[in-house]
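Novice: only the shape, not the letters, is given here:
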């Protein structure tokens, strides 16, 4: 009797109060900031001033908000892709390479179609980026499903190959003819994403990523394919036993992650750089792994986590000049979030051990 | 052991349990799965610390804070799963961790002689120089007993010792236990098989739901009384009735051969067929190819020779989904690994096989209302006790999880049911329910393949019994010819 009553109470709390996953993510972030504050105090600076200047810069002005939003876009694209792959049990950490391949494919398509109307060029570029990113991810998929090679290793290796391969293209066949720099020619106006806010660099990629997050959320929690994806991620053997196509779910994980990371490359090329460059990403694909974890591999949660990390990165330089705190502190905070996220899973286990051993 | 209490969080595994075993006595610790037998013995072996209560050995109060201390006090455990290193000899296995045999130049020859002598004294024939991995299961068990004795065990705990033995091997173990007791060893015999307990023990202590339900002399009781104590009421297990009306074969297995990933041949030329309205049981000692046979039939493993036909259609290499569509239902042995998604809800688990059918999905999106209604119906039909269908299935008890698996399999009205050890780990009430459901399917004209190592279950439910030994069929026995002796011989590899 009390068993079912407590189960009902837990169910109520899960559904109507703060879900535990959201709560624990927020606690990790708060704890990371608290430890960061101790570090700031340890070097003799003022933590309050540092954090105020950090968020003032990233969220306190129209331009700051716009810059944060711009940063959010690639982090969220890659993060959602990684999250869906994780859900299927695919540890695809190759978003960085898939982003580069997607970016170069988008730029190439944009240059090919120069002069065509925008409604044709932009979707074609996006499609090229998604297909190229998915194709790059599929290499790891084949290695995994045919040869049982661990995707954790292969996708990281493929990142290096992708970045150097793109470097070769930009130094060679795709190089801007009139320039000594490793970059493509500038994209025509039709091949650029529309601007959203006058006086800022904010582009329509933000709308795209919000739509993607919502669709991904519905896919994961409401669709049959999303259900099967999650089921395979939880227990592939039981999934096979209940007649699910395990390979299809794993492929979905690889391809969605590749396609969304490719779209991240597309939005950077068409929305920010307006050409493909060698340093397209300062590690978006890697930061996105943390973003995916912090967002509890829920697309909407990942979007929120991406905003936070974008704000951290945008505000870090201002924090350095205003409060004298090295901008590297934000990297420390990001790393702390990871450690705490991993650690919080260990904590309850530790307590349970205590209870069993007793004394 | 007095007033022992062990709790794991909110679950009380032992509540005020007192238990005493005297030198020269064989004392049965009896109870259903989850009654607390193993927990009590783990406390005795120093593997867990009770929250309350005291332990005395030879009249002296002791604190057993670890396995080493338990060994020093003369407590020897023989676990269900043997702890022998297969590539070492028997003597080497026994020498492991013993200071007396010296670290650098172990006196193995002397040790081997001592072991042989020890074995001879109690009728425990073991070859101390043989490789442990080459011994039969029964011999390995004898080695475990010798190991405990050599280490000075005065209290010997045997955890379900007959679970891995054929009836004949079990019968051979009993005189050994008697000889040991006669020499003054105190023996705790853990079991849930009544007939063995009646045959070999002096006293019986019954545990039910973590408490002592009663303690009596074996000579002064009878099985019915003990059974009532174990269950706390009268439960009779269902029994197959009526003559088989086997119709057309719904499952045909034709000369199946299978080699596993490590290159071990698991099945060789296995043929059998199950007709509509028939229960065919596959009996055998655990690990003789039963799991591989089931998995080849349901599609989780690919056989390298032979064929599997479901309702006349060749399915040997077809995906699982096609077999399910053809009317197959599978109740697998290892529920947690193969049947359920522990972290997903009861609802999700209930529809896992059919989530994509039009009834539960439209435009690729799941129909939540229909799905939940189906789960609620299943929970009601199969008497699953839970708080909410949205609860993670992992939070249910084993019996209730199994009822969800059963409901999922049977509510599709399957024509072929493959059930592997379906009652393992269930209490007697849940066992009776599950077995009656299998009989219902038979009455409804389905073909049922029951793979079980529990002879009682097989004898009660089957129209025919196929015996597997080392991946081969050693015999097929029809219901009219059922006998434990005959099956025991077949299970030991002697063809009829």
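Specialist: Structure received. Since this is a predicted model, take the numbers as computed values, not measurements. Numbers count the residues shown, from 1 in each chain, chains lettered A, B, ... in the order given.
Novice: confidence score at the residue most central in space within chain A?
Specialist: Among the residues of chain A, the one closest to the centroid is residue A:79, at 2.1 Å (CA atoms, centre = their mean). Residue A:79 is assigned 97 on the pLDDT scale.
Novice: same question, residue A:133
Specialist: 97.
Novice: now the element after the helix or strand that contains it, going C-ward?
Specialist: Assigning secondary structure by DSSP states H and E places residue A:133 in helix A:118-147. Past helix A:118-147, heading to the C-terminal end, the next element that is a helix or strand (DSSP H and E) is helix A:151-171.
Novice: neighbours around residue A:91, how many?
Specialist: Summarising burial for residue A:91: neighbours were counted as other CB atoms under 10 Å in any protein chain shown, giving 17. Any C-beta I mention is one placed from the backbone N, CA and C, and that applies to glycine too.
Novice: shouldn't residue A:186 be within a strand?
Specialist: No - membership of residue A:186 in a strand is not supported by DSSP: H, G, I helix; E, B strand; the rest coil, which gives coil.
Novice: how much space separates the closest residue to residue A:286 other than its chain neighbours from chain B?
Specialist: If the residues on either side of it in the chain are set aside, residue A:286 comes closest to residue A:96, at 5.8 Å by CB to CB, 6 or more residues apart in numbering or on different chains. Taken as CB to the nearest CB, to the nearest Å, the spacing of residue A:96 relative to chain B amounts to 30 Å.
Novice: tell me the contacts of residue A:96?
Specialist: Under the criterion of CB atoms under 8 Å, 6 or more residues apart in numbering or on different chains, the contact partners of residue A:96 comprise A:78, A:159, A:162-163, A:261, A:281, A:283-286.
Novice: same check on residue B:159?
Specialist: With contacts defined as CB under 8 Å, 6+ apart, the neighbours of residue B:159 are B:38, B:41, B:77-80, B:190.
Novice: how about those in a markdown table, adding distance to chain A?
Specialist: As requested, these are arranged in a markdown table below (distance: CB to the nearest CB, whole Å):
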| residue | distance to chain A |
| --- | --- |
| B:38 | 14 |
| B:41 | 16 |
| B:77 | 19 |
| B:78 | 24 |
| B:79 | 19 |
| B:80 | 21 |
| B:190 | 21 |
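Novice: farthest-separated two in those?
Specialist: By the measure CB to CB, the contacts of residue B:159 have their two most distant members at B:38 and B:78, which lie 13.0 Å apart.
Novice: could you pull up the contacting residues of residue 111?
Specialist: Since you didn't name a chain, this refers to chain A. Contacts for residue A:111 were tallied using CB under 8 Å, 6+ apart; they are A:174, A:184-185, A:187, A:191.
Novice: wait, chain B
Specialist: With contact taken as CB under 8 Å, 6+ apart, residue B:111 is in contact with B:91, B:94-95, B:101, B:128.
Novice: so residue B:359 touches residue B:370, yeah?
Specialist: Yes - with contact taken as CB atoms under 8 Å, residue B:359 and residue B:370 are classed as touching, separated by 6.1 Å.
Novice: with neighbour numbers in mind, choose between these two.
Specialist: residue B:370 (16 against 13).
Novice: and the helix or strand where that one lies, what other elements does it pack with?
Specialist: Element membership for residue B:370, per DSSP H and E: helix B:368-381. In terms of contacts (3 or more CB pairs under 8 Å, 6 or more residues apart in numbering or on different chains; DSSP states H and E), helix B:368-381 is packed against helix B:346-350, helix B:398-410.
Novice: all good on my end, thank you.
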